[in-house]
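*Asks:* What follows is a predicted protein model with its sequence.
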Amino acid sequence: MSTTDLLADLETIGRTPGGGYTRLAWDPATMALREWFAGQAAALGLEVTEDGNGNQIAWWGTGPDALLVGSHLDSVPEGGPLDGPLGVASALAAVAGLKASGWTPSRPLGVVNFTDEEGGRFGIACLGSRLATGAIDPAIALALRDDSGTTLAEVMQAQGRDPRAAGPSAWLADVSSYVELHVEQGRWLAPHDAPVGVASAIWPHGRYRFDFCGEGNHAGATAMADRHDPMLAYAATVLAARDLATATDQRATLGRVRVEPGSTNSIPSRVTAWLDARAFDHVALTTMVAGIRARAEAAAASDGTTVGFTAESESDAVTFDPALRHRLAALLDAPVLATGAGHDAGILAARVPTAMLFVRNPTGVSHAPQESAEPEDIEAGTVALSKVIEELA
Ligand code: HGY
Ligand code: MN
Ligand code: MN
């Protein structure tokens, strides 16, 4: 059972006409992926469990001091094939290889599929691991709504889950380290001629919502001077994000926008837009976001419109456990690199020693259909993960 064979099983699940994948929490695609995960794990003789948040863990052994490996199977809308599934498939393949070789772990070993890492449906990233670790109040999570207005609680109930079981997970007390393998998001390993790297840190990041409100009116009959068009402050905010992030070599993106009523011949009454911001450290993040917000407010004031601002989620900077990172980098003779992307490993790192392995991405593209890794690099990543499991378990 190779990682590429396992990934080939998933090729049609959640596939979109554009060649990408849309696999959002609890949707038919991720439900099919959950079933696939449970089936593969059961075939390996692992005991498949699911916590009250929907996180699946396939166990080889039970009890304290467990090593957890894995990732997530959901995607962003129109995402690539590897962000998430590579970490789950390589973990299953590594376990299959180790079992076939006659090796047995000296501590419990779990393979995890975290639920809703991308936050593509309910807006908050790493929802499954945040709930499991107590990093988010279950009442807040269960009340989150998707684009159709359905709450997470209703969605879980419709899938036969009891939302009252959401919240801190008992398994966490048994886990004493977590290792997540992931496709590289960016292009650092290729010029360094390395198929696999070890993560040092994750930048702090946050997601913020701007609610621009103005006055809906007729696109032909309303003189330009008489308008209160919220789209203008939104446009100014997009440019402010670009300017402030560029000036500091940080990241700011407005990738999602909703316009109401969304009519070609009407001045909008309301524009809702989401900012994703990532920075070197917490102070730099708050400074950049405050700067973008100030430009949004100034633009709205000059147009006679208003803008509301909500921080929907923020994640602190993560420095992965230095001892574990050095041990794995030495074991694999692999370079160490930082990442601008967020991961469940970043959430787990607040509770247990955690490490990440990255598999070279020749173009660096991620969150898009072109995301890729060469089959031999995927194999190198799986071999590396197997070595790590042997070393730690
Ligand atoms: O958005 C992120 O950084 C991640 O890929 N979940
Ligand atoms: Mn992602
Ligand atoms: Mn991911």
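*Replies:* Here it is on my side, so go on. Since this is a predicted model, take the numbers as computed values, not measurements. Ligands and ions are numbered 1, 2, ... in the order given.
*Asks:* How about the backbone phi and psi for residue 226?
*Replies:* Backbone torsions of residue 226, given as degrees, to the nearest 10, read phi -90, psi 0.
*Asks:* same thing with residue 284?
*Replies:* The phi/psi pair for residue 284 (degrees, to the nearest 10) reads phi -60, psi -40.
*Asks:* what about it, how many neighbours?
*Replies:* By the criterion of other Cβ atoms under 10 Å, residue 284 has 17 neighbours. Every residue, glycine included, has its C-beta placed from N, CA and C.
*Asks:* In contact with it, which residues?
*Replies:* Remark: with contacts taken as Cβ atoms under 8 Å, 6 or more residues apart in numbering, residue 284 is in contact with 248, 250.
*Asks:* secondary structure class for the residue nearest to residue 127 when sequence neighbours are not counted?
*Replies:* Distances taken as Cβ to Cβ, 6 or more residues apart in numbering put residue 116 closest to residue 127, at 4.1 Å, once the chain neighbours are dropped. Reducing the assignment at residue 116 to three states with DSSP: H, G, I helix; E, B strand; the rest coil gives coil.
*Asks:* Could I get the pLDDT score of residue 116?
*Replies:* At residue 116 the predicted local distance difference test score is 98.
*Asks:* quick one: it and residue 34 touch, right?
*Replies:* No: with contact defined as Cβ atoms under 8 Å, residue 116 does not count as touching residue 34 (11.8 Å).
*Asks:* List the residues that contact the residue nearest the centre of the chain.
*Replies:* The C-alpha lying nearest the average C-alpha coordinate of the chain belongs to residue 118 (Cα atoms, centre = their mean; 3.4 Å). By Cβ under 8 Å, 6+ apart, the residues touching residue 118 are 24, 72, 74, 75, 76, 79, 83, 84, 125.
*Asks:* In a markdown table, list those residues along with secondary structure and distance to ligand 1.
*Replies:* Rendered in a markdown table, the data for these read as follows (DSSP: H, G, I helix; E, B strand; the rest coil; distance: Cβ to the nearest ligand atom, whole Å):
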| residue | secondary structure | distance to ligand 1 |
| --- | --- | --- |
| 24 | coil | 13 |
| 72 | strand | 8 |
| 74 | coil | 9 |
| 75 | coil | 10 |
| 76 | coil | 7 |
| 79 | strand | 9 |
| 83 | coil | 6 |
| 84 | coil | 8 |
| 125 | coil | 5 |
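*Asks:* want to try a markdown table for the residues you listed, with neighbour count as columns?
*Replies:* Below are the contacts of residue 118 laid out as a markdown table (neighbours: other Cβ atoms under 10 Å):
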| residue | neighbour count |
| --- | --- |
| 24 | 23 |
| 72 | 29 |
| 74 | 30 |
| 75 | 28 |
| 76 | 22 |
| 79 | 24 |
| 83 | 26 |
| 84 | 29 |
| 125 | 26 |
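*Asks:* nearest to residue 364, of those residues?
*Replies:* Of all the contacts of residue 118, residue 364 sits closest to residue 83, with 12.4 Å by Cβ to Cβ.
*Asks:* isn't the closest one right up against residue 184?
*Replies:* No: in this structure, residue 83 sits apart from residue 184 without contact. The criterion is Cβ under 8 Å, and the distance is 10.2 Å.
*Asks:* any residues in contact with both of those two?
*Replies:* When contacts are counted by Cβ under 8 Å, 6+ apart, residue 83 and residue 184 are jointly contacted by residue 366.
*Asks:* count of residues packed around residue 327?
*Replies:* The criterion is other Cβ under 10 Å. On that basis, residue 327 has 17 neighbouring residues.
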